[in-house]
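**Student:** requesting a structural model of the entry that follows:
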Amino acid sequence: TQPAAGAEPAKEHRMMPAKRSSGRVSYSPPSSHSRKRGRDDTPAAAPAPAPEEDEARPLQQGAWNREMSLPRTTADRVLALVRSSGRRFDARNLATAAHRVGKFGGRRLRSDGRLEELGRLCRRKVRSFPAHSLAVAVWGFAKAGLADLELFAAFAGAAKERIDSFNSLNMSNTVWAFATAGVVDEELFGTVAAQFARTIRRCNPLAMAETAWAFATAGVADTRLFDAIAAEVGARPENVRPQELATLLYAFAVVGWPRRDIFVRVASHLQQFDVRQLPPTKQALLALAALYARLRGWEDDDDDLHLFSRLSSSFPVAVRSGYYLRRAPFRTRVSATLRELGWEHAVDHATPEGLSPSLADAKSKRAVQVDGPSSFLRDASTGDYVLDGPTRFKSRLLQRLGWKVAHLAYFEWQSSKFESERHALMAVKLAEVGVVDLAPDAVPRWILHDLL
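**Tutor:** Below you'll find the model as predicted:
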């Protein structure tokens, strides 16, 4: 867990292993006391701007912070305090409120109007947030499921301005929050990559793993970041726990890392461990990285990489863990439409390698991947939707295994209101994978003419 305010940051090997890549680095609420500088700290940020005129006196702000930090204080109580006194909060109060709501309220409160009000208050005062408070706040909103583009764009702008005052945990939790919320700001990720690479020797392994995971999930393959991590981990893999090594190798695979050196070095080191003792989700990450290495042909001439062949046998773990089973609820309706068109297929077919395309004909190796909202990111500056890194990675793996894959986005399906429109849409998707032998009565004549 994140060290309490005023304490020296804990070293990585003393941290408890996390179960999955979702909010693994937690923060204690920011304190009014300064922190002692430790190995992972950077010089203090410049003084924050003067408080706004409507803010309460420091004594009252301290009282609010202590009340919100009490173990018995619920997320609902925090939001009630935001509603009654939030306009008089300072940056520290706002960050504490966001952290507590995210940690203890979770996504059940994401449609609560008081959470949106907290977001508006943070957006208004974000320029006064010091680095630690900014990372705490954006982490809380991501955990609470509030992916407001204007709010995250404001956090991104503030983070870019004061990146020199961020330590590795601040950076990793900030980009983790963006990736988890499904928001990507490439300029922010580039700024973090450059700063992380410059300070890599002061970064603990957990922060490296979380940052690499966030970049991979966001589909940002910044070579400055991954070069620096590869050099640091490759030189001292014994300093990194197997859990973090699994996350790192998976991240390198997702971004399509073209060099085998980091895979060889980590595979050699992992032979000391029984990877079957890792949590199932971590085994799934290793298995996916193993398949990537095998498909690149990296184990043919190196005995160390036979570990990847052994890991491939644990691929059913990837299926059972649900890591890639993002089942879009409307896929059964899509399946019915495809059957009306005359295309026979299986739903959630599991390949021998453990991958699971949504709708697939295993004999011809053709698939339609149905992508729900969780498979997409939104660009913070344009609002455009893009497929996230893991979804694109899965598609690349299937294609390397000889599959032809078409993607159906949830908003494409939603925009097709009538049966004829959906038949036409799915006929086009099938044509993308080479299926044009469809039931003539089910396909609009103009579509059939164009396909033929």
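**Student:** okay, strands next: where are they in the chain?
**Tutor:** 183-184, 346-347, 359-361, 366-371, 376-379, 385-387, 404-409 (DSSP state E).
**Student:** who does the fourth one pair up with?
**Tutor:** Within its sheet, and counting by DSSP bridges, strand 366-371 is paired with strand 359-361 (antiparallel), strand 404-409 (parallel).
**Student:** got the buried residues for the last one?
**Tutor:** Of the residues in strand 404-409, those buried by neighbour count under the rule 16 or more other Cβ atoms under 10 Å are 404, 405, 406, 407, 408, 409. In short, each C-beta sits where N, CA and C put it, glycine included.
**Student:** now, the most widely separated pair of these?
**Tutor:** Longest distance between any two of the buried residues of strand 404-409 is 17.8 Å, between 404 and 409; criterion Cβ to Cβ.
**Student:** for the buried residues of strand 404-409, which one is nearest residue 133?
**Tutor:** Scanning the buried residues of strand 404-409 for proximity to residue 133, where the rule is Cβ to Cβ, the winner is residue 409, at 36.4 Å.
**Student:** pretty sure that closest one contacts residue 376?
**Tutor:** Yes: using Cβ atoms under 8 Å, residue 409 is in contact with residue 376, at 7.3 Å.
**Student:** got any residues that touch both of the two?
**Tutor:** residue 385 (Cβ atoms under 8 Å, 6 or more residues apart in numbering).
**Student:** what's the pLDDT at residue 287?
**Tutor:** You'll see residue 287 listed with a pLDDT of 85.
**Student:** cool, residue 241 as well?
**Tutor:** At residue 241, pLDDT is 91.
**Student:** repeat for residue 12
**Tutor:** Predicted confidence (pLDDT) for residue 12: 38.
**Student:** please apply the same query to residue 413.
**Tutor:** Reading off the confidence values, residue 413 has pLDDT 94.
**Student:** which residue, other than its chain neighbours, is closest to it?
**Tutor:** residue 330 (6.0 Å; Cβ to Cβ, 6 or more residues apart in numbering).
**Student:** before we move on, what about residue 262?
**Tutor:** Per Cβ to Cβ, 6+ apart, closest to residue 262 is residue 230, 4.3 Å.
**Student:** can you tell me how far that neighbour sits from residue 378?
**Tutor:** As for residue 230, its distance to residue 378 is 29 Å (criterion: Cβ to Cβ, to the nearest Å).
**Student:** of those two, give the one with the bigger neighbour count.
**Tutor:** residue 230 (21 against 18; other Cβ atoms under 10 Å).
**Student:** so residue 270 sits right up against residue 243, yeah?
**Tutor:** No: using Cβ under 8 Å as the test, residue 270 is too far from residue 243 to be in contact (11.3 Å).
**Student:** where does pLDDT dip in the stretch 301-450 of the chain?
**Tutor:** Scanning the stretch 301-450 of the chain for pLDDT under 70 picks out 301-328, 439-450.
**Student:** test my guess that residue 285 contacts residue 252.
**Tutor:** No: with contact defined as Cβ under 8 Å, residue 285 does not reach residue 252; the gap is 10.9 Å.
**Student:** who's more crowded, the two?
**Tutor:** More neighbours surround residue 285 than the other of residue 285 and residue 252, with 29 against 25 (other Cβ under 10 Å).
**Student:** which non-adjacent residue is nearest that one?
**Tutor:** The nearest residue in space to residue 285 (Cβ to Cβ, 6+ apart) is residue 250, at 3.8 Å.
**Student:** next up, the contacts around the one you found.
**Tutor:** 213, 216, 285, 286, 288, 289.
**Student:** just the residues you listed: which are in helices?
**Tutor:** 213, 216, 285, 286, 288, 289 (DSSP state H).
**Student:** just curious, which of the residues you listed is nearest to residue 68?
**Tutor:** The closest of the ones in helices among the contacts of residue 250, once distances to residue 68 are taken by Cβ to Cβ, is residue 213, at 29.2 Å.
**Student:** and the gap between the closest one and residue 87?
**Tutor:** 37 Å.
**Student:** comparing these two, which residue is more hemmed in?
**Tutor:** residue 213 (27 against 14).
**Student:** quick check, pLDDT for that one.
**Tutor:** 97.
**Student:** my guess is it meets residue 246, correct?
**Tutor:** No: here residue 213 does not reach residue 246: they are 10.3 Å apart, not a contact under Cβ under 8 Å.
**Student:** returning to what we had before: just put the strands of the chain in a markdown table and tack on distance to residue 95.
**Tutor:** As requested, those are arranged in a markdown table below (distance: least, Cβ to Cβ, whole Å):
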| stretch | distance to residue 95 |
| --- | --- |
| strand 183-184 | 18 |
| strand 346-347 | 44 |
| strand 359-361 | 44 |
| strand 366-371 | 34 |
| strand 376-379 | 24 |
| strand 385-387 | 29 |
| strand 404-409 | 35 |
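**Student:** give me the contact list for stretch 175-182.
**Tutor:** Counting by Cβ under 8 Å, 6+ apart, 22-23, 25, 135, 138-139, 141-143, 145-147, 152, 156, 184-185, 188-189, 192, 210-211, 213-215, 217-218, 373-374, 376-378, 380, 388 sit against stretch 175-182.
**Student:** recalculate using a threshold of 6 Å.
**Tutor:** Contact with stretch 175-182 is made by 138, 139, 142, 147, 192, 210, 211, 214, 217, 218, 377, as judged by Cβ atoms under 6 Å, 6 or more residues apart in numbering.
**Student:** go on, stretch 391-400?
**Tutor:** 254, 295, 324, 355, 375, 405.
**Student:** now these as CSV including distance to residue 160?
**Tutor:** Formatted as CSV, the contacts of stretch 391-400 follow (distance: Cβ to Cβ, whole Å):
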residue, distance to residue 160
254, 24
295, 37
324, 33
355, 37
375, 27
405, 36
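**Student:** right, and residue 228 touches residue 202 too?
**Tutor:** No: judged on Cβ atoms under 6 Å, residue 228 makes no contact with residue 202 at a distance of 11.7 Å.
**Student:** of the two, who's got more company?
**Tutor:** Neighbours per residue, other Cβ under 10 Å: of residue 228 and residue 202, the larger number sits with residue 228, 21 against 15.
**Student:** which non-adjacent residue is nearest residue 265?
**Tutor:** Residue 265 sits nearest to residue 234 (Cβ to Cβ, 6+ apart), 4.5 Å away.
**Student:** residues near the one you found, how many?
**Tutor:** The burial count for residue 234: 15, using other Cβ under 10 Å.
**Student:** residue 80 too?
**Tutor:** For residue 80, using other Cβ under 10 Å, the count is 13.
**Student:** what's the closest non-adjacent residue to it?
**Tutor:** residue 114 (7.5 Å).
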